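Asker: Quick one, structure for this:
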Amino acid sequence: MKETAHARPCADSVNAMSPRALHIAVTLHALVVTHAWHAPLSLCRIDATMPSVQFSVPAVINVDAEVNYWRQRHADGLMGEKSFGQYITWIKFACDSLISHPRHSDSERLEAFQTFYALQIMPRLTEAEASAFVDQVWDHLYMSSRSDRAERPRLIAASA
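Answerer: Sure thing, here's the model as predicted:
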């Protein structure tokens, strides 16, 4: 998903926007993110061919495989009593945040997580549960891709 200035305004322009314009901008961004998750191709490759840019994310993220991995863990009773459907949003958020923003810092990912959580109409997981689960998804993505797990992102405030 490619972001544009229209889909995601920068922080300075947000302060200057009217409440209605801000609502429209946030809604458009949420629609873009939501529909990007339902794209028919869910094997995403991050272009790491730019020599001057250092990527610390896996080069390939297979969203379907990740959903299936967590679905199996849930079926095996390893994820508690909640419905598996309550986790899908967070699996896709974890994958999308790496695919869409491979150069974000942990603090930027935390801000994106908090914004995304705030946009949930009826979240079924608490913020702490969702944060811990996103961390688990990132850990699995890095472990299964054989990338350096020490380089994986972390939601800083959630663990503090």
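
Asker: how many neighbours does Y117 have?
Answerer: Neighbours of Y117 under the rule other CB atoms under 10 Å: 18. C-beta here means a position set from N, CA and C on the backbone, and glycine is covered the same way.

Asker: roughly how far apart are it and R103?
Answerer: Y117 sits 22 Å away from R103, taking CB to CB, to the nearest Å as the criterion.

Asker: Contacts only, for the nearest residue to L110 once chain neighbours are set aside.
Answerer: Once flanking residues are discounted, L110 sits nearest to L155: 5.0 Å by CB to CB, 6 or more residues apart in numbering. The neighbours of L155, taking CB atoms under 8 Å, 6 or more residues apart in numbering as the test, are D106, R109, L110, F113, S131, V134, D135.

Asker: can you map out the strands along the chain?
Answerer: Per DSSP state E, the chain has strands spanning 43-45, 60-62. These are given in chain order.

Asker: hey, least reliable of those strands by pLDDT?
Answerer: Summarising mean pLDDT across the strands of the chain, the least confident stretch is strand 43-45, with a mean of 45.

Asker: which intervals of the protein have sub-threshold pLDDT?
Answerer: Residue ranges of the chain with pLDDT under 70: 1-56, 147-150, 156-160.

Asker: quick one: which of the contacts of L155 has the most company?
Answerer: Neighbour count (other CB under 10 Å) singles out V134 as the most crowded of the contacts of L155, with 25 neighbours.

Asker: Wait, that residue touches A94, no?
Answerer: Yes - in this structure, V134 sits in contact with A94. The criterion is CB atoms under 8 Å, and the distance is 4.7 Å.
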